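Participant: build me a model:
(2 chains)
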Amino acid sequence: GDSVTQMEGPVTLSEEAFLTINCTYTATGYPSLFWYVQYPGEGLQLLLKATKADDKGSNKGFEATYRKETTSFHLEKGSVQVSDSAVYFCALSNNQGGKLIFGQGTELSVKP
Amino acid sequence: EAQVTQNPRYLITVTGKKLTVTCSQNMNHEYMSWYRQDPGLGLRQIYYSMNVEVTDKGDVPEGYKVSRKEKRNFPLILESPSPNQTSLYFCASSQTLGGNQPQHFGDGTRLSIL
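Facilitator: Residues are numbered from 1 along each chain as shown, chains lettered A, B, ... in the order given. Predicted coordinates:
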């Protein structure tokens, strides 16, 4: 079945460092891909999405490009801030009952 | 403000005592679902509903029930809770069932079953 694999955390960075969180997927057809962010004590919020190959989703300085040839959707940010500390989830949706299939989540901690 | 509201946020209870977690959305969304979040497993779908009176099982439905009598509400029912249902639960909604629709999540309900 469909699945999502994320790099394991926790990831600890200094402020202004470059961030990459790897995400690869296995799916039939052409899924939509998402990154969600979960701040402490809160629910998940959509960070960005891409619905077809070569699309780039972007929001709040974060970017991810839908790469069908490598089945990847890596999250990047050029300069992280302390306020970016959160858990990041990669997810796909393949029109299977509207279900989102999530990776295990990557905890990011940014130190001043 | 558009939101998904879950109650309670935290609950500690005992094995076998029936409980209900409520979920309500104010966005007139057709699609609602429940997920549980466990360490190392991400979120897994329990049940979903495509509209009023239409519900179906997700990946981990055992031990749970749901109902959708009104469009805005989608309660999760644990008839006889067991310790393996200790988890963090999220309700989510989206406008339609379409695969490219982002889902809006509640703030979560942390259940501890002793």
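Participant: need the nearest residue in space to the most centrally placed residue in chain B, chain neighbours excluded.
Facilitator: Geometric centre of chain B, nearest residue: residue B:34, 2.9 Å, by C-alpha atoms, centre = their mean. Nearest residue to residue B:34, sequence neighbours excluded (C-beta to C-beta, 6 or more residues apart in numbering or on different chains): residue B:46, at 4.3 Å. Glycine gets a C-beta too; all of them are placed from N, C-alpha and C.
Participant: equivalent analysis for residue B:114, please.
Facilitator: Counting by C-beta to C-beta, 6+ apart, residue B:114 lies nearest to residue B:14, which is 5.2 Å off, once chain neighbours are set aside.
Participant: isn't that neighbour right next to residue B:113, touching?
Facilitator: Yes - if you go by C-beta atoms under 8 Å, residue B:14 and residue B:113 touch, sitting 7.2 Å apart.
Participant: which of these two has more residues huddled nearby?
Facilitator: Set side by side, residue B:14 and residue B:113 show more neighbours around residue B:113, with 19 against 11, by other C-beta atoms under 10 Å in any protein chain shown.
Participant: hey, what's that one bridged with?
Facilitator: Beta bridges link residue B:113 to residue B:13, judged by DSSP bridges.
Participant: start and end of stretch A:45-54, how far apart?
Facilitator: With C-alpha to C-alpha, to the nearest Å as the measure, the ends of stretch A:45-54 fall 23 Å from one another.
Participant: all strands for the chain, in order.
Facilitator: Chain wasn't specified; assuming chain A. A:3-6, A:11-14, A:19-21, A:23-26, A:32-38, A:44-50, A:56-59, A:62-65, A:75-77, A:86-93, A:100-102, A:106-111 (DSSP state E).
Participant: was after chain B, sorry
Facilitator: B:4-7, B:10-13, B:19-25, B:31-38, B:42-51, B:54-57, B:65-66, B:76-78, B:87-94, B:104-105, B:109-113.
Participant: got the angle between the fifth one and strand B:31-38?
Facilitator: So the one you mean is strand B:42-51. Direction vectors for strand B:42-51 and strand B:31-38, defined by axes from the mean of the first three to the mean of the last three C-alpha atoms, to 10 degrees, enclose an angle of 160 degrees.
Participant: mind listing the strands strand B:42-51 pairs with, and their directions?
Facilitator: By DSSP bridges, strand B:42-51 pairs with strand B:31-38 (antiparallel), strand B:54-57 (antiparallel).
Participant: right, I'll call it a day here.
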